[in-house]
Structures are given as C-alpha cells and as structure tokens.
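Engineer: Have a look at this fold, sequence not included:
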C-alpha cells in the first residue's frame, strides 16, 4: 500500500498524507460479519478514565475477524476480497469456504484475490496465508497472528507491516524474534499464519492536523508542567518552569519515562530469552 501526498492547498494539507485505497476490492463490509462497536472513551467498567486523551471519534462497525480459524481446520478457503478495517492499521481479507460460509482474517503481505489458503494442525504448504503449527515452519520465515498458547487466539504480531521471525526449533519449543526485538520461545503446537502483515506504509502517514486525530478518537494532550499543582505533579510555578522534581511522573504520581513497569515475577518471564532492551 502506498501513501498519497496531496498538494498543499491549505495549512492542514501541507503537512499531511493519506493511505492509498486503490488496492481495495470491496467498499462495504460483509453484513453478516459486522456488529455495533460501543464507545468506551478510555473508561473501565466502573466508568473511570484509565487511558487519558481518548474520546469522540467517528462511529464504526466492528468487523468480526477470525483470529483462530479453528472451526475450519483442514478446509480450504478462497480469498474473495481485500477490505479496509477502521479498527486496526492492517487490511483484512474476506474468505469464502466451499459451503459458502464467509470469514475475515488479517491480510498478510503478498496475498492475492483468488488464492486458496488453509488452516491445519498438520504440515501444509509454505504459502502466504496458510496457518499451521510453528514446529512445521522452517527457520527464517516471517509469521503473524501467533497464538501464545496452543488452542488460543492469534494475538501476537497483528499490526500493519509487522511479523515475527522463526529463529530455531528445539524439541517442543520454537525460538521467535518478535517485532520489538525480543527473543521469546513458543510451544511448537502454537498456530501462526505465514507471511508479514500487509499495509507496511501505514507508519509513513502524516496526520497533518488535530481534526484527523479527533476523528480517530484521540483528544489533545496537555503538558503536565502547564497545569496547576492540583492537576499534575509537574504543575505550578510562575511562567515557564521545569518539572521541579527528581524525575518525571505520571498524572497519578508514578515514575515515568524509561521506568520499567513489567512485574519482576510475571509468569511469562520464563518464556523470554532476550529482552527487547
């Protein structure tokens, strides 16, 4: 996918660019695979804000994506459409099985309309879009939508342009290099989809103006040092002042900027062989 840069006909367009949608083959989503998406605006089940600077945004339908493909194991599906998904940076493809049932999946780079792909727990052809256990995938291959535990959902490496690299296979474990640079081991029975996620140019988009961020549900961020002391630990003082503290803090008073927040005794630490840092 390319990025289109408009002529600078206005201040907002002068520094903005948009994604190229000419590669898409279907404008409207499949009616049977969408549902209403409720807005939470960064609030939890108690109505308290847990993520700041979220709210507004355009109304969207949620596309129900099959992150497992477990219900259709060993059944070939045909790629019939490439679509836009407003809920994620990656593109999605519409699959149709032999019995007419349709499903969505994340679009890997290089997949084409008319391709026949399959998900299986056995060894299959090394082909973009095929889904199989990591133990059957040769070293050096890039994969996406990886299960953390056998039988779970594909949760790792799903954003636009990312992929995890198979480093080596040792007994029942597979060493993977994640998009963050972390080297981690997965069970060889975990399923993964062959190929990197498409739409790699998404990171090159320049949003250009505040209005486009508001449409995405992102509200303006105010510096803590510009606030009053009651609103932020960095606030207060006359005129332009530094934060006045030994180290930066969040609005809740916790250390910020470079402080590691991962728990030292987290259960999944035993799977991490090399930290991303």
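Structural biologist: Noted; the coordinates are in hand. Here the structure is a predicted model, which means the values were calculated and not measured.

Engineer: Next, count neighbours for residue 190.
Structural biologist: 22 (other C-beta atoms under 10 Å). C-beta here means a position set from N, CA and C on the backbone, and glycine is covered the same way.

Engineer: Now for it: which residues touch it?
Structural biologist: 133, 134, 146, 147, 148, 149, 150, 174 (C-beta atoms under 8 Å, 6 or more residues apart in numbering).

Engineer: repeat for residue 142
Structural biologist: Residue 142 neighbours (C-beta under 8 Å, 6+ apart): 163, 164, 165, 166, 194, 195, 196.

Engineer: beta partners for it?
Structural biologist: On the basis of DSSP bridges, residue 142 is bridged to residue 165.

Engineer: how close does it sit to residue 114?
Structural biologist: From residue 142 across to residue 114, the span is 22 Å (C-beta to C-beta, to the nearest Å).

Engineer: phi, psi of residue 263?
Structural biologist: phi -70, psi 140 (degrees, to the nearest 10).

Engineer: what's the nearest residue to residue 109 if we skip its chain neighbours?
Structural biologist: Nearest non-adjacent residue to residue 109, counting by C-beta to C-beta, 6 or more residues apart in numbering: residue 198, 4.2 Å away.

Engineer: Number of residues surrounding the one you found?
Structural biologist: Other residues close to residue 198 by other C-beta under 10 Å number 24.

Engineer: Can you show me the helices along the stretch 151-277 of the chain?
Structural biologist: 210-215 (DSSP state H, counting those that start in this stretch).

Engineer: Where does pLDDT dip in it?
Structural biologist: Residue ranges of the stretch 151-277 of the chain with pLDDT under 70: none are present.

Engineer: Show me where it has its strands.
Structural biologist: 154-156, 164-170, 173-177, 183-187, 191-194, 272-274 (DSSP state E, counting those that start in this stretch).

Engineer: for those, which one sits closest to residue 218?
Structural biologist: Comparison of these against residue 218 by C-beta to C-beta identifies strand 154-156 as nearest, at 23.4 Å.

Engineer: Show me what the closest one pairs with in its sheet, parallel or antiparallel.
Structural biologist: strand 146-147 (antiparallel).

Engineer: Give me the contact list for the strand it pairs with.
Structural biologist: Under C-beta under 8 Å, 6+ apart, the answer for strand 146-147 is 68, 134, 153-157, 164, 176, 186, 190-192.

Engineer: Spatially central, which residue of the protein would that be?
Structural biologist: residue 159 (3.2 Å; C-alpha atoms, centre = their mean).

Engineer: wait, what's in contact with the residue nearest to that one when sequence neighbours are not counted?
Structural biologist: In space, residue 159 comes closest to residue 89 once its chain neighbours are excluded; the distance is 5.4 Å by C-beta to C-beta, 6+ apart. Listed by C-beta under 8 Å, 6+ apart, the contact set of residue 89 reads 159, 160, 161, 199, 202.

Engineer: What score does residue 89 have for pLDDT?
Structural biologist: Per-residue confidence at residue 89 stands at 95 (pLDDT).

Engineer: And for the one 4 residues further on?
Structural biologist: At residue 93 the predicted local distance difference test score is 97.

Engineer: how near is the residue nearest to it when sequence neighbours are not counted to residue 168?
Structural biologist: Leaving aside its sequence neighbours, residue 93 sits nearest to residue 107 (C-beta to C-beta, 6+ apart; 4.5 Å). According to C-beta to C-beta, residue 107 stands 28 Å off from residue 168.

Engineer: The two - which one has more neighbours?
Structural biologist: residue 107 (26 against 11).

Engineer: My read is that that one contacts residue 81, right?
Structural biologist: No: counting by C-beta atoms under 8 Å, residue 107 stays clear of residue 81, with 10.0 Å between them.

Engineer: what is in contact with those two at once?
Structural biologist: Common neighbours of residue 107 and residue 81 (C-beta under 8 Å, 6+ apart) are residue 93.

Engineer: before we move on, the earlier item: let me see the contact set for the residue nearest to the centre of the chain.
Structural biologist: 88, 89, 90, 179, 197.

Engineer: and these, which two are the farthest apart?
Structural biologist: Largest pairwise distance in those, by C-beta to C-beta, is 14.9 Å, between 88 and 179.
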